[in-house]
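Trainee: Make a model of this:
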Amino acid sequence: MSSSPQPICVYARWRPLAAIETEVGEFEHAINSQPNRQLHSISIKPEAPHKDKPWSSPAAFKGVFTQEDDNDSIFSQIVAPILPKVLRGATYNYFAYGHSGSGKTHTIIGYDYEHESRLGLSLAAARVLFTELDIHNANAGEDTLGLGLSVFELRKSTAFDLLNERTQCHIRQGADGKTHIRGPTKMLEGGKVRVQPIVQRACWTLDELRKELQKSLGLRAVGSSSVHDQSSRTHAVLELEVINSHLMKARQALYDRQSELVPVGKYADDVQIEEQTKSVIPIEGGGYQPNPDYKVNQEKIDAAEAERARFEARIAEAEEKVASIMHVEGQDTPRLGGRLIFVDLAGSEYQTDPRLSHLLLPKQTPQERQEGRQINTDLLALKEVIRACASGQERIPFRSSPLTMVLREHFLSGKDGTSTMIVTASSAQSQYAATLNSLKYGSLVGVSGK
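Mentor: The predicted structure is shown next:
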């Protein structure tokens, strides 16, 4: 994998005013386009009198969608054109940024799962992919292709697997430098253990995927915001990957080998620690000295390490099996491993506007206020990662937060694929400050992606 960040394209989307926002009014906003320029700037101006000043972005947005543009229109312009490349094995990432209630979840996931013209970008993409996969599957025999679905959310410093009953998972950086998300280690009979990664559910039809997605998203955490009382309070990550049964079985075998290594590796570590402990004795005044009455059992250590190496070799063999299935030379389209990642970020604005106090919106609990601070911390870390990418720094601070650790692979990729950000915005006068912050952030990303 290349260490260079993927290209980043930024779009803005204005949503219609909500009912409670019409009482406060709308601020002016305009798209500024120049001849022979591929990027646009956005200008916004609050109604007078207002403490905030007019603002114009640099040329940073590849496109701007108006209040009249629906999900189907956005899908046709920024998702549909790349699907043939996904079917040839490329990876593309889409994530939505904006303040609470600005339309992120509506854009990425959608709230209507039945009407195809109203689907969010993720389900609309799945619909087209399944249409193409069905053409292949008609003559594929046992080599049937489907879509692997993973759905998890990040809340505070923890990941929750929404396809596995919202199981709490740990986020760790492995020796390979990649971020790994694993569930709790379960003890089985005979001293065996099970280490479960984020679940990837094989779906063979759009209806099956739709039902799995709807069920999993029902477990997502929500809370009150300054716009509505069902604001997403987590960062949700939805992944779609072209898979077949052979790939799924090979990956499960790899997880089995990894689980088998856990007790073996722990035993080897325990033997090493035990022998080292016995080989020294404490001395008066602090410290340790060699124990003349004990000789380290190097044979026992070597035997434990040899067993660990044997199980590590089994993992390497399973990894090679997965790689061989993924990279079949001369494989016709569609190819295994093509991926789409959709990230619905939690609202970047999490405070109550005093101008809306008369509308009797739900009050935030202390826990919700704490979550709001964590969300803003996550998004600040994300902004610093983008700044580091934009300035070409050698060290990019992905480890600053769990969010940026998980998004690491979204910024770093090979020659194929790109990342797209959709900045969702409201032109409600009461949301001017929050919208301004979102557009400033989007312009930073857009400029860095030139």
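
Trainee: tell me the contacts of F398?
Mentor: F398 makes contact with T179, V385, T404, M405, L407, R408, F411, according to CB atoms under 8 Å, 6 or more residues apart in numbering. C-beta here means a position set from N, CA and C on the backbone, and glycine is covered the same way.

Trainee: Top of the residues you listed by number of neighbours, please.
Mentor: Within the contacts of F398, L407 tops the neighbour count with 26 neighbours, counted by other CB atoms under 10 Å.

Trainee: Need phi/psi at that one.
Mentor: Backbone torsions of L407, given as degrees, to the nearest 10, read phi -80, psi 0.

Trainee: pretty sure it is touching V343, no?
Mentor: Yes - in this structure, L407 is within contact of V343 by CB atoms under 8 Å, at 7.0 Å.

Trainee: who touches both of those two?
Mentor: Both L407 and V343 are in contact with F95, where contact means CB under 8 Å, 6+ apart.

Trainee: from the contacts of F398, which two are the most distant?
Mentor: Largest separation among these by CB to CB: T179 and V385, giving 13.0 Å.

Trainee: how many neighbours does Q289 have?
Mentor: 9.

Trainee: elements contacting the helix or strand harbouring it?
Mentor: Assessed by DSSP states H and E, Q289 sits inside strand 288-290. Judged by 3 or more CB pairs under 8 Å, 6 or more residues apart in numbering; DSSP states H and E, strand 288-290 is in contact with strand 280-282.

Trainee: roughly how far is the strand it packs on from the heart of the chain?
Mentor: 49 Å (CA atoms, centre = their mean, to the nearest Å).

Trainee: what does that strand contact?
Mentor: With CB under 8 Å, 6+ apart, strand 280-282 has contacts from Y288, Q289, P290, N291.

Trainee: Show the model's pLDDT score for the first one.
Mentor: We have a pLDDT of 88 for Y288.

Trainee: show me what contacts it?
Mentor: When contacts are counted by CB under 8 Å, 6+ apart, Y288 is found next to V280, I281, P282.

Trainee: How many neighbouring residues does the last one have?
Mentor: It stands for P282. Counted with other CB under 10 Å, residues neighbouring P282 total 10.

Trainee: got it, and V343?
Mentor: Other residues near V343 come to 23 when the count uses other CB under 10 Å.

Trainee: which residues sit against the helix or strand encompassing it?
Mentor: Per DSSP H and E: V343 is located in strand 339-344. With contacts defined as CB under 8 Å, 6+ apart, strand 339-344 is touched by 86, 91-96, 104-105, 108-109, 121-122, 125, 232, 235-242, 407, 410.

Trainee: Kindly recompute the last result at 7 Å.
Mentor: Applying CB atoms under 7 Å, 6 or more residues apart in numbering, the set of residues contacting strand 339-344 from outside is 86, 91-96, 104-105, 108-109, 121-122, 125, 232, 235-241, 407, 410.

Trainee: Can you flag which of the residues you listed belong to strands?
Mentor: Judged by DSSP state E, the contacts of strand 339-344 include 91-96, 232, 235-241 as members of strands.

Trainee: quick one: P292 from W204, how far?
Mentor: Separation of P292 from W204 (CB to CB, to the nearest Å): 68 Å.

Trainee: The stretch 301-450 of the chain: helices as residue ranges?
Mentor: With DSSP state H, counting those that start in this stretch, the ranges of helices along the stretch 301-450 of the chain come out as 366-390, 402-406, 408-411, 432-448.

Trainee: could you dump those to TSV with distance to Q168 and mean pLDDT?
Mentor: Output for the helices of the stretch 301-450 of the chain, formatted as TSV (distance: least, CB to CB, whole Å; pLDDT from 0 to 100):
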stretch	distance to Q168	mean pLDDT
helix 366-390	16	74
helix 402-406	13	85
helix 408-411	21	72
helix 432-448	30	84
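
Trainee: sorry, back to before: P292 and W204: which has the busier surroundings?
Mentor: Higher neighbour count among P292 and W204: W204, with 18 against 7, using other CB under 10 Å.

Trainee: Tell me the strands beside the strand holding Q289, with direction?
Mentor: strand 280-282 (antiparallel) (DSSP bridges).

Trainee: quick check: mean pLDDT across the partner strand?
Mentor: 91.

Trainee: Report the beta-bridge partners for the spatially most central residue of the chain.
Mentor: Closest to where the C-alpha atoms of the chain average out (CA atoms, centre = their mean) is V237, at 3.9 Å. Per DSSP bridges, the residues bridged to V237 are F152, V343.

Trainee: can you check the one 4 residues further on too?
Mentor: Counting by DSSP bridges, E241 is bridged to G148, R339.

Trainee: who's in contact with it?
Mentor: By CB under 7 Å, 6+ apart, the neighbours of E241 are L147, G148, G337, G338, R339.

Trainee: D378 versus the last one, what's the distance?
Mentor: Noted for R339: a distance of 23 Å to D378, by CB to CB.

Trainee: one step back: so which of the contacts of E241 comes closest to G191?
Mentor: Closest to G191 out of the contacts of E241 is G148 (31.2 Å), distances taken as CB to CB.

Trainee: so the closest one sits right up against W204, yeah?
Mentor: No - under the criterion of CB atoms under 7 Å, G148 is not in contact with W204, lying 10.6 Å apart.

Trainee: you'd agree H246 is in a helix?
Mentor: Yes - looking at H246 with DSSP: H, G, I helix; E, B strand; the rest coil, it is inside a helix.

Trainee: burial of the closest residue to it other than its chain neighbours, as a residue count?
Mentor: In space, and not counting its chain neighbours, H246 is closest to I325: 5.5 Å by CB to CB, 6 or more residues apart in numbering. Using other CB under 10 Å, I325 has 19 neighbouring residues.

Trainee: so who does I325 touch?
Mentor: Counting by CB under 7 Å, 6+ apart, I325 makes contact with H246, L247, A250, L336.

Trainee: Out of those residues, the closest to L444 would be?
Mentor: Set against L444, the nearest of the contacts of I325 by CB to CB is L336 (35.9 Å).

Trainee: Pull up the gap between the nearest residue to E26 once chain neighbours are set aside and L444, please.
Mentor: Leaving aside its sequence neighbours, E26 sits nearest to S427 (CB to CB, 6+ apart; 4.9 Å). Distance, S427 to L444, by CB to CB: 21 Å.
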